[in-house]
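Colleague: this one's sequence-less:
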């Protein structure tokens, strides 16, 4: 590509509405342009990166035996009504009507459509397993689109769906996708980690997220320093350190009510009563799907993990009870709820950790009052003790007991074992070996294709711009000619450009009539991994300057015998990214 | 690909709702499945063909200097309001609201979005020309979706948009696309013809359609047997044969009113009065955009071309006047309108041919009455004589005077010279060499990617199924193993399959446990251009049977030295399609 004729409009200034670095750099490097909130045009450079990512994913999906299809973006509401998601999905589902007034939506995901397709065709266990995928533009009407390609409304996604005849097959399909994802992300050149995750609105049995590691990531990952364990914070199990004694039967002084005027928060109560937060129990009143109200207990210094509570109690939406409900259920204003003396039938769920202690301070269900010396065993009826809190770095690894550390990540992939959730609702059945009708067991597997490009930048950038891995850079090589009007330099550059293209390596040849500074700045901004500079003294001495964009390291390549030296240097750059050529 | 593990569900019966052959065969061959009216799932085989078509188009677009981008499918209404198309486009534009109630549409075409993008970036003549294209799913809410991929609502399109600083540049951009289209369609392997076309709702200065020639085509093309001329019927100019005399001044008997009770049609009047239709004038009352009413005159045996009338008179929509209007304007019921004695101000447009004769029979603007011996020159006020009728096969070629013939075609591409239509309305300007602000001159260029696959089938099929050109067949080669349980045959087939794949040729290996008849039928149905059959006596004698799907011609390829013989045979097959390898 000759830059003088290419559409790559770079910007000197960060756009005003860009909050994160990938958004700023994608705009400044001329890779995307905003059409409207959360909806972007992909310019030639941006689309090239996206296409390289898509190609790697496609190759790994094909290798894993998945077959590419393309499903419609406009989907009839009837299918979504079959699964109940027409009502459940909420406002993120963009709904519309055709000229005849029929209900449709823009596909945010394709479980319904694919299940409808497969149930019409697959009749026998002999046709299973099957795994179909597509790479397609999706739409989710995000309440707060932001961060450029990180959380857009219209985005490009790879989604795959597997159908199996039994559990063993479904697990095999799941792990085949898991491995294909690992292979794809490795080839893309990103540092990533697969972590255990909650299934959320997609539902199903279990799932993993693939996280690109980046300090700017929105998600926190708990991982183990010793073993392979990794989990999204909301999913990470907490286990008690080995040998933690149960406090059952431990004596506890008699309950004592104490006035705590105005002390509502854990901090205020601790200060007022001069106790450590570890001696307090945080009592949280929550409503499940707007119906049942329950009380959740965690230690004063811990945080409730409401996903864990939801998975324990059931239901879709869990919310903090409003003031009126707190007043009605506890007889006290917010800040003084506690597990002692609540109305019958109000179920109490306690974090497992609370088994290990006694003599607690809790709210008294009375304004400005707390109770001291509470024993959960003696003074309350607990429905269930369970793992209900968010993991902390001081907790042991739930798998090996090793040390846990937190890192930040960006979710770029998600694999789900769906089980029967969709096949039962949509009656996707087959006849097994004995002629018996059974439901197919499904899995679904997504990758945020456009998001990967953004996350590559979040993970790899500096003050001058993007540092793309060579496998997904818009162009691998920037060839910068500094000859000005020197025809000799221009000829050499042209020659070199042709030579590199002939090697099957894509190069951006900056043949513009611009100052050297502008050319260097643009090459750094877009982040071509390899930069070749032609001109001046070096060229006279038969030398081309070669810069590694990521490390800034400069090498000299001879003009004589360029091809060989360049191939060796390129191999070194790729291997620095952990990539094979 | 091993067919035993592939998702290619063939059907024995034509689907009930399929009217045209491409729809039937695409369904039966397992290439598409209907999701809902006009919206289809592309299955693996169908998507492979589409991707091959897309790849050829992409290569030719790149070669012509166009750059690939990807624009959003969801477009804000505001842009469409700028050009007036929000109101003008009608119900084909699928409109929707986001969660905040803002107006959007699903992109049926992207003139607005691309002009908005470019006007924000291009400031100087130095940045022009520019040509951006995309390959993308589009949506048009067709009033009567039908014919499978031929007239769907959701379809895949390549659309390109060029921006130039002057007329010469705009013409160069237009013809570069014209040539790229010719190159692409030739490589796709279809018999096609570029024809002059009307610009229709897209607007602009002039345009060509690219027609795939097929008896089942919806469009009729007029082309010349001697020269390159070709035009869509609605666009084809009619010229009078050289030397046709003008009848001006020719004497004509006096007008005579004659009762023609109940004779309304040309045929009825001719019979009643015992005259040839060539002596009658057909008088058609039409309304322009529901405002003005005009009268159009063509000879009794001719057909009015309302596109020509619209282009002459101006306005968007032209419709036959309703009964009430006819009664009001002519004072007579439908069937008796004529050019004599109409109210003042009602403009009359006459086909040029009517200059060449006199002594006409026309409606009398009175029930059950016609006038004889009418001279348009003497008895009427004609606003304008012009080319207003549909061309006929007996007309001379408008360019060289040669013989015209009609053929049927399917529109698969359309190139438009838009001119200033969008750039003026959306203020897409640049500064020219003298620092003066000017509007960019635009062109737009579309190809129906998914439609090409359907039209390839319309053009190339037989009673057994599709006959795909090798360049866009889902797979080039079908390898059919007839060994049954013979391990030797299976081994040989596996070996051959590997060998073909290593040659970089995509093959479908039918390794299913099916009867030979089923395998042959499926291979013919999908229409792989080359079929290799392994088994039986032939194999024992070291022979593989090779069938050319299109001609049915069978050859024998030796097992020993297979590669060389296969390459030669393949070259022959491709060249039969007019394709280079």
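Modeller: Received the coordinates, thanks. This one's a predicted model, so the numbers in the text were calculated from it and none came from an experiment.
Colleague: can you pull the contacts of residue A:28?
Modeller: Shown in contact with residue A:28 (Cβ atoms under 8 Å, 6 or more residues apart in numbering or on different chains): A:10, A:11, A:12, A:13, A:14, A:15, A:465, A:525. All C-beta atoms are positioned from the backbone trio N, CA, C, and that covers glycine.
Colleague: swap the cut-off to 7 Å and go again
Modeller: Listed by Cβ atoms under 7 Å, 6 or more residues apart in numbering or on different chains, the contact partners of residue A:28 are A:10, A:11, A:14, A:525.
Colleague: Also residue A:414?
Modeller: By Cβ under 7 Å, 6+ apart, the neighbours of residue A:414 are A:197, A:207, A:209, A:446.
Colleague: Looking at those residues, spot the one nearest residue B:432.
Modeller: Nearest to residue B:432 among the contacts of residue A:414 is residue A:446, at 48.9 Å by Cβ to Cβ.
Colleague: Could you double-check that the closest one sits in contact with residue A:159?
Modeller: Yes. Under the criterion of Cβ atoms under 7 Å, residue A:446 makes contact with residue A:159 at 4.9 Å.
Colleague: Would you write a ChimeraX line that selects the buried entries of the contacts of residue A:28?
Modeller: This is how ChimeraX selects the buried members of the contacts of residue A:28, with burial counted by 16 or more other Cβ atoms under 10 Å in any protein chain shown:
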select /A:10,525
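Colleague: mind checking how far residue A:364 is from chain B?
Modeller: 43 Å (Cβ to the nearest Cβ, to the nearest Å).
Colleague: By proximity to chain B, which residue of the stretch 301-450 of chain A wins?
Modeller: residue A:450 (9.4 Å; Cβ to the nearest Cβ).
Colleague: wait, isn't that residue in contact with residue A:155?
Modeller: Yes. In this structure, residue A:450 is within contact of residue A:155 by Cβ under 7 Å, at 4.9 Å.
Colleague: Name the residues contacting each of those two.
Modeller: residue A:149.
Colleague: Other residues contacting stretch A:493-502?
Modeller: Residues from elsewhere that reach stretch A:493-502 (Cβ under 7 Å, 6+ apart): A:477, A:479, A:481, A:483, A:507, A:509, A:534, A:562, A:563.
Colleague: For chain A, what lies in contact range of chain B?
Modeller: Residues of chain A lying near chain B by Cβ under 7 Å from any Cβ of the partner chain: A:6-7, A:9, A:33, A:35-36, A:39-44, A:47, A:67-74, A:76, A:91, A:94, A:96, A:98-99, A:113, A:117, A:121, A:130, A:132, A:137, A:139, A:141, A:143, A:154.
Colleague: And the helices in the stretch 51-200 of chain A?
Modeller: Taking DSSP state H, counting those that start in this stretch to define them, one finds helices in the stretch 51-200 of chain A at A:77-83, A:85-88, A:111-119, A:167-188.
Colleague: rank the ones you listed by pLDDT, which is bottom?
Modeller: Note on the helices of the stretch 51-200 of chain A: helix A:85-88 shows the lowest mean pLDDT, a mean of 92.
Colleague: Buried residues in that helix, which are they?
Modeller: A:85, A:86.
Colleague: circling back: so which of the helices of the stretch 51-200 of chain A is the most surrounded?
Modeller: helix A:111-119 (a mean of 24; mean count of other Cβ atoms under 10 Å in any protein chain shown).
Colleague: what packs against that one?
Modeller: helix A:77-83, strand A:154-164, helix A:421-425 (3 or more Cβ pairs under 7 Å, 6 or more residues apart in numbering or on different chains; DSSP states H and E).
Colleague: what's the following helix or strand after the host helix or strand of the residue of the stretch 301-450 of chain A closest to chain B?
Modeller: In this assignment (DSSP states H and E), residue A:450 forms part of helix A:449-459. Note on helix A:449-459: by DSSP H and E, the next helix or strand toward the C-terminus is strand A:461-462.
Colleague: Listing partners with orientation, what would you give for that next one?
Modeller: strand A:465-466 (antiparallel) (DSSP bridges).
Colleague: about what we covered before: list only buried entries from the residues of chain A next to chain B.
Modeller: A:6-7, A:9, A:33, A:35-36, A:39-44, A:47, A:67-74, A:76, A:94, A:96, A:98, A:113, A:117, A:130, A:132, A:137, A:139, A:141, A:154.
Colleague: Give me the subset of those that lies in strands.
Modeller: In strands, defined here by DSSP state E, the members of those are A:33, A:35-36, A:39-42, A:67-68, A:74, A:76, A:96, A:130, A:132, A:137, A:139, A:154.
Colleague: which residues in the stretch 151-300 of chain A form strands?
Modeller: A:154-164, A:192-197, A:206-213, A:219-224, A:230-232, A:256-259, A:281-288, A:292-299 (DSSP state E, counting those that start in this stretch).
Colleague: no no, the stretch 351-500 of chain A
Modeller: A:360-363, A:369-374, A:384-386, A:404-419, A:429-431, A:437-439, A:441-448, A:461-462, A:465-466, A:477-481.
Colleague: Tell me which strands the third one pairs with, and in which orientation.
Modeller: Strand A:384-386 has the following sheet partners, assigned by DSSP bridges: strand A:348-351 (parallel).
Colleague: just the longest one next, same as before
Modeller: Looking at strand A:404-419 with DSSP bridges, its paired strands and their directions are strand A:206-213 (antiparallel), strand A:219-224 (antiparallel), strand A:441-448 (antiparallel).
Colleague: same deal with the second one?
Modeller: Based on DSSP bridges, the pairing partners of strand A:369-374 within the sheet are strand A:256-259 (antiparallel), strand A:360-363 (antiparallel).
Colleague: Show me the shaky parts of the stretch 401-550 of chain A.
Modeller: Applying pLDDT under 70 to the stretch 401-550 of chain A flags no residue at all.
Colleague: For residue A:405, the count of nearby residues, please.
Modeller: By other Cβ atoms under 10 Å in any protein chain shown, 12 other residues sit near residue A:405.
Colleague: Does it touch residue A:392 like I think?
Modeller: No. Counting by Cβ under 7 Å, residue A:405 does not reach residue A:392; the two are 11.0 Å apart.
Colleague: Give the residues shared as contacts by these two.
Modeller: By Cβ under 7 Å, 6+ apart, no residue touches both residue A:405 and residue A:392.
Colleague: what sits against residue A:43?
Modeller: A:7, A:8, A:30, A:31, A:32, A:33, B:69.
Colleague: can you check residue A:193 too?
Modeller: A:211, A:213, A:221, A:223, A:230, A:409.
Colleague: Closest one of the residues you listed to residue B:433?
Modeller: Of these, the one sitting nearest to residue B:433 (Cβ to Cβ) turns out to be residue A:213, at 51.6 Å.
Colleague: In contact with the closest one: list those residues for me.
Modeller: A:191, A:192, A:193, A:407, A:409, A:459.
Colleague: quick one, phi/psi of residue A:501?
Modeller: With angles defined as degrees, to the nearest 10, residue A:501 sits at phi -60, psi -40.
Colleague: roughly how far apart are it and residue A:55?
Modeller: 19 Å (Cβ to Cβ, to the nearest Å).
Colleague: wait, isn't residue A:428 in contact with residue A:119?
Modeller: Yes. Between residue A:428 and residue A:119 there is a contact at 3.9 Å, judged by Cβ under 7 Å.
Colleague: Could you dump the contacts of residue A:43 into CSV and include pLDDT and distance to residue A:253?
Modeller: Shown next, in CSV, are the contacts of residue A:43 (pLDDT from 0 to 100; distance: Cβ to Cβ, whole Å):
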residue, pLDDT, distance to residue A:253
A:7, 96, 77
A:8, 95, 74
A:30, 97, 71
A:31, 98, 67
A:32, 98, 65
A:33, 97, 69
B:69, 98, 74
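Colleague: Grab the two from those that are most spread out in space.
Modeller: Within the contacts of residue A:43 (distances taken as Cβ to Cβ), the two that end up farthest apart are A:7 and A:32, at 12.5 Å.
Colleague: quick one, what contacts the nearest residue to residue A:40 once chain neighbours are set aside?
Modeller: Counting by Cβ to Cβ, 6 or more residues apart in numbering or on different chains, residue A:32 is the residue found nearest to residue A:40 once chain neighbours are left out, at 4.6 Å. Residues near residue A:32 by Cβ under 7 Å, 6+ apart: A:26, A:40, A:41, A:42, A:43, A:46, A:148, A:149.
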